[in-house]
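>>> Here's a sequence, model it:
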Amino acid sequence: MILEVFKDFSKYLKVPYLDKGRDLRGWDCYGLYRFVLGQRLGIMLPSYDDAYSSANDAAAAAAAARRIVPAGWVLLGPDDTPREGDGVVFRIGGEPWHCGYVIEPGIMLHARKGCGTVLESYTGILWNKRLEGTYRCKL
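Okay, the predicted model is just below:
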């Protein structure tokens with residue numbers, strides 16, 4: 001199954017991390033989420049590239065996340081099964097400011113500074129304890 005998933009998302013894995021990037025030339029975590037959600041599911045989210053000066057500014061990025069999440073998003077409960085297109089939000093430094101695109105339960109596509117776009121488990125040791133929540137767009 002993971003090989004099929006990898007094949008479907010391989011074109012995104014070649015994209016580098018770019019602070020405030022919003023397209024195939026490069027993106028940050030929200031830029032990736034926004035782009036892939038639009039490409040795969042036809043859901044077009046606002047850019048919010050003016051909501052923070054840099055993805056490296058945790059306070060500004062977290063403030064932007066708090067503005068973004070309530071508008072048309074539903075927090076999934078423990079009995080809900082994540083599906084493609086859901087967003088996983090993680091706390092880093094105590095602030096919710098990193099996100100990933102769920103491609104199947106337990107696996108996300110996300111943009112990491114220094115790594116670019118990667119497929120990774122969000123239930124593993126690195127991300128599980130940082131998980132703030134899983135959200136579904138209702139726009």
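
>>> how about the helices in the protein?
2-13, 29-41, 58-68 (DSSP state H).

>>> can you list the residues that contact the longest one?
Contacts made with helix 29-41 from outside it, assessed by CB atoms under 8 Å, 6 or more residues apart in numbering, are listed as 9, 12, 15, 18, 20-24, 27, 43-45, 47-49, 55, 64, 68, 84-85, 87, 98-101, 109-112, 117, 137. C-beta coordinates here come from the backbone N, C-alpha and C atoms, glycine included.

>>> From these, list just the buried residues.
Using 16 or more other CB atoms under 10 Å as the burial test, those include 9, 12, 15, 18, 20-22, 27, 45, 48, 55, 64, 68, 84-85, 87, 98-101, 109-111, 117, 137 as buried.

>>> what ranges of this protein fall below the confidence cut-off?
Residues of the chain meeting the criterion pLDDT under 70: 1-5, 58, 65-71, 139.

>>> report the longest strand in it, please.
Taking DSSP state E as the criterion, the chain has its longest strand at strand 95-104.

>>> Okay, now the sheet partners of that strand, with direction.
With DSSP bridges as the test, strand 95-104 is paired with strand 87-92 (antiparallel), strand 107-112 (antiparallel).
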